[in-house]
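> Just the structure for this:
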Amino acid sequence: MKLNELIKDFTIATSNEEKTILSKCKDIKLLASFTEHERFIIEGLIRKHLVTKVKHNGTIMVLANDL
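Take a look at the predicted model:
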C-alpha cells in the first residue's frame, strides 16, 4: 500500500497570520521587502516546507510552494 493511499487528506496547520504572508509569497519576492516580523514568520513557513528560499545573484528571494 502506498503512502498516498493511507493519507487521503493531509493538511499543514497554519495560523491566520501565516496564511496572510503565504498569500503574499505567491509570486517570487525579495526577502528584504518584508518586515522583520514577516521574515520571522517566513522562516517558520520555510521549516514547514510551505515556502522556498532561493538565492539568485547574491539576493535571497522567497516563493510559496504549490499545495
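> what's the weakest-modelled helix or strand in this protein?
Among the helices and strands of the chain, helix 3-6 carries the lowest confidence by mean pLDDT, DSSP states H and E, at a mean of 67.
> How about the contacts made by the residue nearest the centre of the chain?
Among the residues of the chain, the one closest to the centroid is residue 51, at 2.2 Å (CA atoms, centre = their mean). Taking CB atoms under 8 Å, 6 or more residues apart in numbering as the contact definition, residue 51 lies against 22, 25, 42, 45, 62-65. Every residue, glycine included, has its C-beta placed from N, CA and C.
> what does residue 55 give?
Residues in contact with residue 55, defined by CB under 8 Å, 6+ apart, are residue 61.
> Could you check how far it is from residue 33?
Distance, residue 55 to residue 33, by CB to CB, to the nearest Å: 15 Å.
> Give me the longest helix you can find in the chain.
Longest helix in the chain by number of residues (criterion: DSSP state H): helix 36-47.
> What separation do you get for residue 61 and residue 10?
With distances defined as CB to CB, the gap from residue 61 to residue 10 amounts to 27 Å.
> which one of these two has more residues nearby?
residue 61 (18 against 8; other CB atoms under 10 Å).
> ok but that one is inside a strand, no?
Yes: going by DSSP: H, G, I helix; E, B strand; the rest coil, the assignment for residue 61 places it inside a strand.
> And the pLDDT for it?
If you check residue 61, the pLDDT there is 96.
> From residue 51, how far off is it?
In this structure, residue 61 and residue 51 are 11 Å apart, going by CB to CB.
> Kindly report the same for residue 34.
Following CB to CB, the distance that separates residue 34 from residue 51 is 11 Å.
> what sits in contact with each of the two?
Residues touching both residue 34 and residue 51 (CB under 8 Å, 6+ apart) are residue 42.
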